[in-house]
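kindly return the folded structure for what I paste below:
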Amino acid sequence: MEIRYTTSSQNPTISQLQPVRDNSNPNFINIGNPNLLPTFSHGINLNFNSWKSISGKYTWAGLTYNYTNNDIATATSYDSIGRTVSQAINVNGNYNFSGYIGTSMPFFSKKLEVGPNVWVNYAENKSIINNQENKTQDIRSNLNLEFRMNLEKVEAALSGYYSYNSAYSSLNVTSSTPYSTQGISGRLSIKFPKNFLLESNADYTINSKRSNGYNINYLVWNASFSKTFFKKENFILGFYAYDMLNQNISVDRDISSNVITDIKTNIISRYFLLKATFKFNSNKTKEEDEF
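Model prediction:
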């Protein structure tokens, strides 16, 4: 068990302090605030780890709490012609809390491992919109279950997760819609004679309860086939295929002041790679064998 308290302070930037108007963008005007005070943050962390060497059972848990005095937020207003005017201000009451717990339980002489874990995070932040206080609350949670098989020539894993998220803005309750993400992942590694290795992994993601056009489901499938050479097996020649179905997309939600925005990003899509690797360190490790 470990309990740790940390604290830190941060000064406002020059651009936040200087009392002049930044008109570089005529539709978004920023005004400095010479009365800003430095922030003062407090953090409390509790961590627990338990490992039993004979059985191989491993359990971990943790709690984290962070609170900031005089946190720097934004006061935003809109003038008669639709321009946005913002200024940095100090607020109190911004904090976040997170907790997690998980375990790995081996069976059949450690040939099968089962690993459930759960994670929860809550954050609360304040800002000012047209001279009214806006409170933003963000709840994120994730529940995961994984099965791992470890044999002499074959390693495999199958996992599934469910993530539930809810955002709330006191000045824009219509946008406070919970959303969720589900996923299934699989990984397979097979060692063949003559030092050939086949590896593959796939991740299927389901997005639900988002804005129209952002409830996207996609499958990312990668694979590789490689061979090691020489007595120390320190030269690897392999062919790698990434995102073979050409579906690699990222969907996320951003919460800022009274605006909640869904974001879709196209990541590097399908490509193939022929790779040769020479390792000067002749000691093989488990991590070097992973895909």
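
quick one, helices of the stretch 51-200 of the chain?
Secondary structure of the stretch 51-200 of the chain by DSSP state H, counting those that start in this stretch: no helices are present.

and the strands in it, which stretches?
58-69, 71-78, 84-91, 94-107, 112-129, 132-150, 154-169, 179-192, 196-208 (DSSP state E, counting those that start in this stretch).

ok, residue 199 - how many residues close by?
Neighbour count of residue 199, defined by other Cβ atoms under 10 Å: 20. Bear in mind the C-beta positions are built from the backbone N, C-alpha and C, glycine included.

what's the helix or strand in which residue 225 is found packed up against?
Using DSSP states H and E, residue 225 sits in strand 217-229. When contacts are defined as 3 or more Cβ pairs under 8 Å, 6 or more residues apart in numbering; DSSP states H and E, strand 217-229 sits against strand 196-208, strand 235-242.

who does the closest residue to residue 149 other than its chain neighbours form a beta bridge with?
Among residues not flanking residue 149 along the chain, residue 156 sits closest, at 4.6 Å (Cβ to Cβ, 6 or more residues apart in numbering). Counting by DSSP bridges, residue 156 is bridged to residue 149, residue 188.

identify the residues contacting residue 179.
Residue 179 makes contact with 165-166, 207-210, 253, according to Cβ atoms under 8 Å, 6 or more residues apart in numbering.

which one is residue 32 nearest to, not counting chain neighbours?
Leaving aside its chain neighbours, residue 32 sits nearest to residue 18 (4.2 Å; criterion: Cβ to Cβ, 6+ apart).

quick check: phi and psi on the one you found?
Torsion angles at residue 18 (phi, psi; degrees, to the nearest 10) stand at phi -70, psi 130.

and for residue 16?
Backbone torsions for residue 16, taken as degrees, to the nearest 10, come to phi -80, psi -30.

kindly provide the distance from it to residue 74.
For residue 16, the distance to residue 74 equals 10 Å [Cβ to Cβ, to the nearest Å].

so what sits against both of those two?
Both residue 16 and residue 74 are contacted by residue 88, under the criterion Cβ under 8 Å, 6+ apart.

sorry, back to before: with distance to residue 105 as extra columns, can I get the helices and strands packed on strand 217-229 in TSV?
Converted to TSV, those look like this (distance: least, Cβ to Cβ, whole Å):
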stretch	distance to residue 105
strand 196-208	23
strand 235-242	33
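
looking at those, which is nearest to residue 59?
Nearest of the helices and strands packed on strand 217-229 to residue 59, taken as Cβ to Cβ: strand 196-208 at 26.1 Å.

pLDDT weak spots in the stretch 51-200 of the chain?
Within the stretch 51-200 of the chain, the stretches with pLDDT under 70 are 174-176.

the nearest residue to residue 134 once chain neighbours are set aside: neighbour count?
Among residues not flanking residue 134 along the chain, residue 171 sits closest, at 4.4 Å (Cβ to Cβ, 6+ apart). Residues within reach of residue 171, counting by other Cβ under 10 Å, total 16.
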